[in-house]
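*Asks:* What shape does this take:
(chains A and B)
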Amino acid sequence: MPVEIDIAYVARLARLDLSDEELDEYKHQLGMILEHAARVQTLDADPNPENAHPLALFNTFREDVVLPSLDRDEVLENAPETIDGYFVVPPAMEGE
Amino acid sequence: MRPGPGVAEAGRQLRAGETTSVRLLEGVLERAGSSEAQVHAFLTIDRDRALETAAQADADLADGIDRGPLHGIPIALKDNMCTRGMETTAASQILAGYRPPYDATVVSRLGEAGAVVVGKTNLDEFAMGSSTENSAYGPTYNPWDTTRVAGGSSGGSAAAVAIGSATAALGSDTGGSIRQPAALCGVVGMKPTYGTVSRYGLIAFASSLDQIGPLTRTVEDSALTLEAIWGHDPFDGTSYSGDYPDPKAGLSRGVTGLRVGVVKELSGEGYEPAVESATADMVAKLESAGVEVVEVSLPSFEIALSAYYLIAPAECSANLARFDGIRYGHRGQGATTEALMARSRAEGFGPEVTRRILLGTYALSAGYYDAFYGQAQRVRAAIQEDFGRAYQQVDVLVSPTSPTVAFEAGARTSDPLAMYLSDICTIPSNLAGHPAISLPVGLDGQGLPIGFQVMAPPLGEGVMYRVAAEVERLAGFDVAPGLEEVAS
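*Replies:* Numbers count the residues shown, from 1 in each chain, chains lettered A, B, ... in the order given. So this is what the prediction gives:
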């Protein structure tokens, strides 16, 4: 059976401003995909999923020294809007 | 139209003074010029920069500076690998016009190896898809039949190598995105052991699965290209820092005494008869060539696809959170920062990417995490255990690469699940992090290539290439797409 999901809530979590029509379409498609995906619940083994890396790597550290970083001007060239070396965004909160 | 020499052959011609890097590049650009209108393998071709690099490669060689097997070889990059100053879009509107301020590690390594970057190839947006139809810049078509898909997501790289509009190419493989298009386009595509090729500068889709690898015309070319790009990289926290095998060591050793496992679960319903018989024929030939063939069962493979379509979207939903219209990429309108982000994302992402972000967000959300994502991780562990048991009995595992040959363009675009089934044979190696290679073993009745997959344990690239080289010899696949026949 297709899985029922609160698609508007999921879209809000994902920060996707979708129309009602789009939400309906995705709700339907996700229901079908999740029905298939729910087969993971049929696994009858009980393995230990502690490390997904095939070569058993653990934490990786480097020396705590300053290394060159990206050029600020070159990075900012890709930004839609900047002022004086800063990214520009509209207010983070609604209202004054 | 012949695709021109491969990596090893071009290298031999260069050193024998029979050609130059500039001439190799001109051949590649000429083939691009006569095929792009039909195939659309490339998003960007940087002719001037490539010609400059090729001229430098020739000058270096004349001065006695030889950077190795890729010196002077024209190579194409999937457009999800960052190239400093060269547009990198991941085939998404959200990155239209993006010029990275740095090179991916593989790009730096190719540069050190003297390779000539031809341009950036088309892909499914953010590498999400199996047909290269999800590109925001239009699909790539299959050079063997331009009414059909090239496979995906590295469809542009596979098509370019098949035509010879690149001598070799790099792709990325998260669930089969190198091997499946290689199979559908009749070229060799290889996904290395997870952690052996740096992901620094690869635009992330699912970080625990993504791996860059080569698409080439021969098995030897594949090993040569892999050798140039792999190795430890401090810029990738999952990079392997131990000893690496020699991928070329077994290329001419033959296969006598090896044990080859045929995966029972990767056959049957949904597999085209031509694909099944080509696979069985090759297994029989391998047996005649001296391998011991064993049928093995890996029961968890039956639910690998389900696990993949939870784990990959979950990681994608986190990775793609960075595309918000603030630091780079497309910006929509919004009265608040949050509204601007939500609008930018809705406008910038195509339908498949949106679908996967939603799917992953759901699978990770409170209340559903354990039933979906947590359980998928247990399936992943079960797959690793099944592989481990199989490799106690055999040296490599074999299967078809894709259950079908190249399908008609548009045939699966409205049915995401049908599209996802294209990756059923390739996904287990990603979930386990193991190496695997696809190579062409023949054509079906319609003249479309059939791919054969060889899988090996972690760091088993040596034995994987050893078997692949024998498969290549046994198959004797020496045909190129007859694109001129469909030229207008």
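*Asks:* from here on, contacts and neighbour counts on C-alpha atoms
*Replies:* Fine.
*Asks:* Return the distance of whichever strand or helix holds residue B:54 from the chain's centre.
*Replies:* Counting by DSSP states H and E, the element that carries residue B:54 is helix B:47-62. Distance of helix B:47-62 from the chain centroid (Cα atoms, centre = their mean, to the nearest Å) equals 27 Å.
*Asks:* how about the lengthiest helix in chain A against chain B, any contact?
*Replies:* The longest helix of chain A (DSSP state H) is helix A:20-37. Yes. Helix A:20-37 reaches chain B (Cα under 8 Å from any Cα of the partner chain) through A:26, A:29, A:30, A:33, A:36, A:37.
*Asks:* Filter the residues you listed down to the buried ones and hand me the PyMOL line.
*Replies:* Applying 16 or more other Cα atoms under 10 Å in any protein chain shown to the residues of helix A:20-37 next to chain B leaves a buried subset, and the PyMOL line that selects it is:
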select buried, chain A and resi 26+29+30+33+36+37
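*Asks:* follow-up on the earlier one: ok, residues contacting the helix holding residue B:54?
*Replies:* B:20-22, B:25, B:29, B:66, B:71-72, B:114, B:116-119 (Cα atoms under 8 Å, 6 or more residues apart in numbering or on different chains).
*Asks:* Return the alpha-carbon coordinates of it using PDB.
*Replies:* What follows is helix B:47-62 as a C-alpha-only set of coordinates in PDB (Å, rounded to 0.1, in the frame of the first residue of the first chain):
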ATOM      1  CA  ARG B  47      38.500  24.600 -27.100                       C
ATOM      2  CA  ASP B  48      41.100  27.400 -26.500                       C
ATOM      3  CA  ARG B  49      42.100  26.200 -23.000                       C
ATOM      4  CA  ALA B  50      42.300  22.600 -24.300                       C
ATOM      5  CA  LEU B  51      44.500  23.600 -27.300                       C
ATOM      6  CA  GLU B  52      46.800  25.600 -25.100                       C
ATOM      7  CA  THR B  53      47.200  22.600 -22.700                       C
ATOM      8  CA  ALA B  54      47.700  20.200 -25.700                       C
ATOM      9  CA  ALA B  55      50.400  22.500 -27.100                       C
ATOM     10  CA  GLN B  56      52.100  22.600 -23.700                       C
ATOM     11  CA  ALA B  57      52.000  18.800 -23.500                       C
ATOM     12  CA  ASP B  58      53.700  18.600 -27.000                       C
ATOM     13  CA  ALA B  59      56.300  21.100 -25.900                       C
ATOM     14  CA  ASP B  60      57.000  19.200 -22.700                       C
ATOM     15  CA  LEU B  61      57.300  15.900 -24.500                       C
ATOM     16  CA  ALA B  62      59.700  17.500 -27.000                       C
END
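*Asks:* Quick check: mean pLDDT of that helix?
*Replies:* Helix B:47-62 comes out with an average pLDDT of 98.
*Asks:* If you count contacts, what does the longest helix of chain A end up packed against?
*Replies:* helix A:7-13, helix B:304-319, helix B:351-364, helix B:416-420 (3 or more Cα pairs under 8 Å, 6 or more residues apart in numbering or on different chains; DSSP states H and E).
*Asks:* Please identify which of those is closest to residue B:100.
*Replies:* helix B:304-319 (17.2 Å; Cα to Cα).
*Asks:* Residues contacting the closest one, please?
*Replies:* A:14, A:36-40, B:175, B:204-209, B:356-361, B:363-364, B:372-373, B:375-377, B:379-380, B:383, B:420-421, B:423-424, B:427-428, B:431.
*Asks:* quick one: contacts for the spatially most central residue of chain B?
*Replies:* Closest residue to the average C-alpha location of chain B: residue B:178 at 1.7 Å, with Cα atoms, centre = their mean. Residues near residue B:178 by Cα under 8 Å, 6+ apart: B:152, B:153, B:154, B:158, B:171, B:172, B:189, B:190, B:191, B:213, B:214, B:215.
*Asks:* Need phi/psi at it.
*Replies:* Main-chain dihedrals, residue B:178, degrees, to the nearest 10: phi -100, psi -50.
*Asks:* Now do the spatially most central residue of chain A against residue B:483, distance only.
*Replies:* Centroid-nearest residue in chain A: residue A:14, 7.1 Å away (criterion: Cα atoms, centre = their mean). Here residue A:14 is placed at a distance of 43 Å from residue B:483 (Cα to Cα, to the nearest Å).
*Asks:* circling back to that earlier point, can you pull the buried residues of the helix holding residue B:54?
*Replies:* Neighbour-count burial for helix B:47-62 [16+ other Cα under 10 Å]: B:50, B:51, B:53, B:54, B:55, B:56, B:57, B:58, B:60, B:61.
*Asks:* same question, stretch B:294-312
*Replies:* B:296-298, B:300-312.
*Asks:* Just the C-alpha atoms of that stretch, please, in PDB.
*Replies:* Coordinates of the C-alpha atoms in stretch B:294-312 are reproduced here as PDB (Å, rounded to 0.1, in the frame of the first residue of the first chain):
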ATOM      1  CA  VAL B 294      30.300 -21.100  -8.800                       C
ATOM      2  CA  GLU B 295      26.600 -20.000  -8.400                       C
ATOM      3  CA  VAL B 296      26.300 -17.800  -5.300                       C
ATOM      4  CA  SER B 297      23.300 -16.400  -3.600                       C
ATOM      5  CA  LEU B 298      23.300 -13.000  -1.900                       C
ATOM      6  CA  PRO B 299      19.800 -12.800  -0.500                       C
ATOM      7  CA  SER B 300      20.100  -9.200   0.700                       C
ATOM      8  CA  PHE B 301      20.500  -8.000  -2.900                       C
ATOM      9  CA  GLU B 302      16.700  -8.400  -3.300                       C
ATOM     10  CA  ILE B 303      16.200  -5.400  -1.000                       C
ATOM     11  CA  ALA B 304      19.300  -3.400  -2.000                       C
ATOM     12  CA  LEU B 305      17.400  -1.100  -4.300                       C
ATOM     13  CA  SER B 306      14.900  -0.300  -1.500                       C
ATOM     14  CA  ALA B 307      17.800   0.500   0.900                       C
ATOM     15  CA  TYR B 308      19.500   2.600  -1.700                       C
ATOM     16  CA  TYR B 309      16.400   4.700  -2.400                       C
ATOM     17  CA  LEU B 310      16.300   5.600   1.300                       C
ATOM     18  CA  ILE B 311      20.000   6.100   2.000                       C
ATOM     19  CA  ALA B 312      20.900   8.100  -1.200                       C
END
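*Asks:* Now do it: distance to the chain's middle.
*Replies:* Distance, centroid of stretch B:294-312 to centroid of chain: 20 Å (Cα atoms, centre = their mean).
*Asks:* How about the residues of the stretch 351-488 of chain B by chain A?
*Replies:* Within the stretch 351-488 of chain B, the positions lying close to chain A (Cα under 8 Å from any Cα) are B:355, B:357-359, B:361-362, B:371-372, B:375-382, B:385, B:416-417, B:432-434, B:458.
*Asks:* Could you write me a ChimeraX select line covering just the buried ones among these?
*Replies:* A single ChimeraX command is used to select the members of those judged buried by 16+ other Cα under 10 Å:
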select /B:355,357,358,359,361,362,372,375,376,377,378,379,380,381,382,385,416,417,432,433,434,458
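*Asks:* I'd like the distance between residue B:453 and chain A.
*Replies:* 20 Å (Cα to the nearest Cα, to the nearest Å).
*Asks:* ditto for residue B:276
*Replies:* For residue B:276, the distance to chain A equals 25 Å [Cα to the nearest Cα].
*Asks:* hmm, who's touching whichever strand or helix holds that residue?
*Replies:* According to DSSP H and E, residue B:276 maps onto helix B:273-288. If you take Cα under 8 Å, 6+ apart as the criterion, helix B:273-288 is touched by B:255, B:267, B:293, B:399-400, B:403-405, B:441-442, B:444-445, B:450-452, B:470-471, B:474-475.
*Asks:* now these: which count as buried?
*Replies:* So, by 16+ other Cα under 10 Å, the buried ones in those are B:255, B:267, B:293, B:399-400, B:403-405, B:441-442, B:444, B:450-452, B:470-471, B:475.
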